[in-house]
Every structure is written in C-alpha cells, then in structure tokens.
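Chemist: Sequence first, predicted coordinates after that:
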Amino acid sequence: MKINGVFEGGGVKGIALAGAVSAAQDKGYEFHEVAGTSSGSIVAAFLAAGYTGEEMKRMILSMPFRSFLQRSPIFNTRILGPASRLLIKKGLYSGEALEHWVYRILLSKGIRTFGDLRPNQLRIIASDITQGKILVLPDDIAQYGIDPRMFPVAKAVRMSTSIPYFFDPVMIRIQRKSSAGAEPFSKQFYYIVDGGVLSNYPLWVFDREAFVDRTPVIGFRLVGKSEFHHHNIRGPITMFEALFSTMLSAHDAMYIEKQDRFRTVKIPTLGVQNTDFNLSKEKSLELYEAGYNAAAQYFQTWSMQTYEQDYEKFVLRKR
C-alpha cells in the first residue's frame, strides 16, 4: 500500500527515522511522496532515490558524523579561531562535507537534481532568515530565479540541515531588477538555514492536496523529553552550541496537536542530543531499533478505514 511520509528533524537522531522506515517497508507499505526537515530531509531524500531503511542503516552507521564538523585549520586555534570563523562565515563549521556525502549517495542512484525525480516526489523544508519565511523546496527556489528542476537535491538537504551558527548558512545570490535598476549589492544575498527553525514537523505539506489525493499521510516524529544534559559553557562559542542544541531538542517535547496524533509515529529519542556527533555505534543501533519498534507497533493496528474517519474528523472539518 502507498503512503506519503513526513519526517521530523532531529540531528544525529535521524537514524531512528531509518528504523521506522524499515518497519513500514517490512509491513508492506511503499513511500509514494515524502517530505522532511533537517535530518528528516536526509531520510526523505534517500527514500525518494530508492534506498530502503535497511540500506540507510548501513550507510549511516558507516559514516563518522564527526567528519562533518569541518573547517580550515586557521580557524582551529583556541577561542579566537572559532570566534573568527563565526564572524566571517556565520557558522562554526562548514556544511560542505555533509552535502558531499549526500551528493555521492544520491548519485549512486542516478539522482543529482529534483528533475531526476517525479514531480512532488520529494519536498524539503528550509528557512529563509533574510525574509523570515518557510521554503518548500524545490518549488520555492523559483523565487530566487532558479529553475526548481535543475536545483541539486544535496544542496536542498544542506540548506535544511544548516543549524544556525553551528553550520554555515547557505547563501543565495539573485539579481533582480527594480524600477531604479539592479538591487543594491547588499540586498542580493539571502541566507538559508535549518528548516527546523520555522517548521520541524511539516505535516501540513500534504494537506494542500487533501481533496485530490487519498494517499494517507503518516508522520514520523522524534518525541520524548531528552534526559538532562549538561552543557559546559566556557565562552560565546560553546554558548552558541548549547543554545541551538537546546532550541532543536525542545521540539522533542512539544505537544503533538490532537489533529495529528492519529497519523504520527512517535519515536523515543533515548536522551540523545541533536548535535551529539560523537554518538557511539551502540547508541545508534539503539535509536534504530527504537524507530523500528515504534513504527511496527503503530502499523500493527493501523487501518485505512480508521485513518479516513480521523482525517475527515480532525483535518478536513478544520478547513
């Protein structure tokens, strides 16, 4: 049976989403269209490319996430190095390593741009902090004079995973003509960051098609208040790390709206932090199993009849 999937962001906890995908696939469900924010965008992109949850598990476990924390050696000098990079690049680390990793994995399936996928097969959420608005990629990239079909999927994933001040924001430059000529140079640049800043659980993406598409929408959310985690704040750099780790982790404990409960697979996060890039293989496997078990339990009692009744009651009647 075909379903549409929505995947919440959660940093390194994204492997739990891969476990949930595996359980859904083992139960006979096929992902038709998918959407995601932050680490959820990685899972969504890999699904759209044709990878299974089990394949994602192997790829994620074999990838040392610490290698994503790259910056030039000149910025590694104690205190002044990271501070200087933050001022110049607006991020502690480059997101290029993550983008390249995603690019290589997608390329193995022949996927480079959104044009290599079916229309609407994949939607990725990012945040334009210059204009203060949500972006649904690829369609919204047209606002910047870029052809959505030619936009790289890996670049969209990088945008969606760019935790503010932790990873560099992605800059887009456009040249728009005004009545007085070209835009001033300073107004030609737009900063795009993690989609979780504005929408970490974008179930609403598929509600736009509620009246024309009967494909059920199932969300996969990382829930459960994280265990107490002490942030050792020694200065402005570690304060920024603690600030945004706390901001994104707060999504875990957010109340799930009543209208979304019936279509949400709730995955326990086992106290793991979003930016725990030194996560052990053992803990990663625990997260994967937590995702698998949560989804297996959800689909054990799921039925299309009950879903349609709840969808009409909680979603359509709210319109």
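Modeler: Arrived safely, thanks for sending. Everything numeric here is computed off the predicted structure, so don't read it as measured data.
Chemist: what ranges do the helices span in the stretch 101-250 of the chain?
Modeler: 153-160, 204-207, 236-249 (DSSP state H, counting those that start in this stretch).
Chemist: Mean pLDDT lowest where, among those helices?
Modeler: For the helices of the stretch 101-250 of the chain, mean pLDDT drops lowest on helix 236-249, to a mean of 62.
Chemist: now for the helix or strand just after that helix, which elements pack on it?
Modeler: Past helix 236-249, heading to the C-terminal end, the next element that is a helix or strand (DSSP states H and E) is helix 258-261. Other elements packing on helix 258-261 under the criterion 3 or more Cβ pairs under 8 Å, 6 or more residues apart in numbering; DSSP states H and E are helix 304-314. For glycine as for every other residue, the C-beta is placed from the backbone atoms N, C-alpha and C.
Chemist: tell me what the helix it packs on is packed against?
Modeler: Contact partners of helix 304-314 among helices and strands, from 3+ Cβ pairs under 8 Å, 6+ apart: helix 258-261.
Chemist: Sort out which residues of the helix it packs on are buried, please.
Modeler: Using 16 or more other Cβ atoms under 10 Å as the burial criterion, the residues of helix 258-261 that qualify are 259-260.
Chemist: for the record, mean pLDDT for it?
Modeler: If you average the pLDDT over helix 258-261, you get 81.
Chemist: gap between it and the chain center?
Modeler: The chain centre lies 21 Å from the centre of helix 258-261; the measure is Cα atoms, centre = their mean, to the nearest Å.
Chemist: Stretch 267-284 now?
Modeler: 16 Å.
Chemist: M1: neighbour count?
Modeler: For M1, the neighbour count with other Cβ atoms under 10 Å is 12.
Chemist: What of the one 5 residues further on?
Modeler: Other residues within reach of V6 by the criterion other Cβ under 10 Å amount to 27.
Chemist: go on, the one 10 residues further on?
Modeler: A16: 29 surrounding residues under other Cβ under 10 Å.
Chemist: what separates it from M59, distance-wise?
Modeler: Taken as Cβ to Cβ, to the nearest Å, the spacing of A16 relative to M59 amounts to 15 Å.
Chemist: again, but for A97
Modeler: As it turns out, when the distance is counted by Cβ to Cβ, A97 lies 15 Å from M59.
Chemist: ok, now G9?
Modeler: To M59, G9 is 18 Å away according to Cβ to Cβ.
Chemist: Contact partners for the spatially most central residue of the chain?
Modeler: For the chain, the residue whose C-alpha lies nearest the mean C-alpha position (Cα atoms, centre = their mean) is S38; its distance is 2.0 Å. If you count contacts by Cβ atoms under 8 Å, 6 or more residues apart in numbering, S38 has them with 8-11, 14, 160-161, 163, 194-196, 200, 248.
Chemist: Give me the lowest-pLDDT entry from the residues you listed.
Modeler: For pLDDT, the smallest value among the contacts of S38 belongs to L248: 58.
Chemist: on that earlier part again, next, the residue nearest to the centre of the chain: phi, psi?
Modeler: Main-chain dihedrals, S38, degrees, to the nearest 10: phi 60, psi -130.
Chemist: Per-residue pLDDT of it, please?
Modeler: Confidence per residue is given as pLDDT, and for S38 that number is 91.
Chemist: Lovely, talk soon.
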